[in-house]
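Participant: My questions are about this predicted structure, shown below with the sequence.
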Amino acid sequence: MNNVKPVAPSGLELIFIYVCPYCGQKNALISPTSPSSVKCENCRQPFPVLPVNARSIEYIKLMLGNGYSAVDLDYF
């Protein structure tokens with residue numbers, strides 16, 4: 001049996017949920033920082049999305065140590 005120790009996060013991405021204006025399906029996007037158009041995963045209709053603030057994303061990543069600070073220390 002191989003004893004592999006748990007691995008800590010090596011990065012962090014924020015997922016934002018955009019609801020399709022045609023069918024109401026929730027669509028997950030990883031931090032869209034520029035205006036774009038996406039296709040709904042359900043009905044395949046394209047729709048434009050508002051971008052998120054890149055500085056806000058970088059701030060959250062910095063505060064969480066790019067994911068490492070979010071580790072549950074009670075686990076150890």
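Facilitator: Now that the structure is in, tell me what you want to look at.
Participant: if I pick residue 53, what's in contact with it?
Facilitator: residue 33 (CB atoms under 8 Å, 6 or more residues apart in numbering). (Each C-beta comes from the backbone N, C-alpha and C, glycine too.)
Participant: ranges for the helices of this structure?
Facilitator: 54-63 (DSSP state H).
Participant: Look up the closest residue to residue 15, ignoring the ones flanking it.
Facilitator: residue 28 (4.9 Å; CB to CB, 6 or more residues apart in numbering).
Participant: What residues are bridge-paired with that neighbour?
Facilitator: residue 17 (DSSP bridges).
Participant: Just to check, it is in contact with residue 19?
Facilitator: No. Contact between residue 28 and residue 19 fails when scored by CB atoms under 8 Å: they sit 10.9 Å apart.
Participant: Neighbour count for the two, which is higher?
Facilitator: Using other CB atoms under 10 Å as the criterion, residue 28 and residue 19 rank with residue 19 on top: 12 against 9.
Participant: who's in contact with the nearest residue in space to the more buried one that is not next to it in sequence?
Facilitator: Using CB to CB, 6+ apart and skipping the chain neighbours, the partner closest in space to residue 19 is residue 26 (5.8 Å). Residue 26 makes contacts with 17, 18, 19, 20, as judged by CB under 8 Å, 6+ apart.
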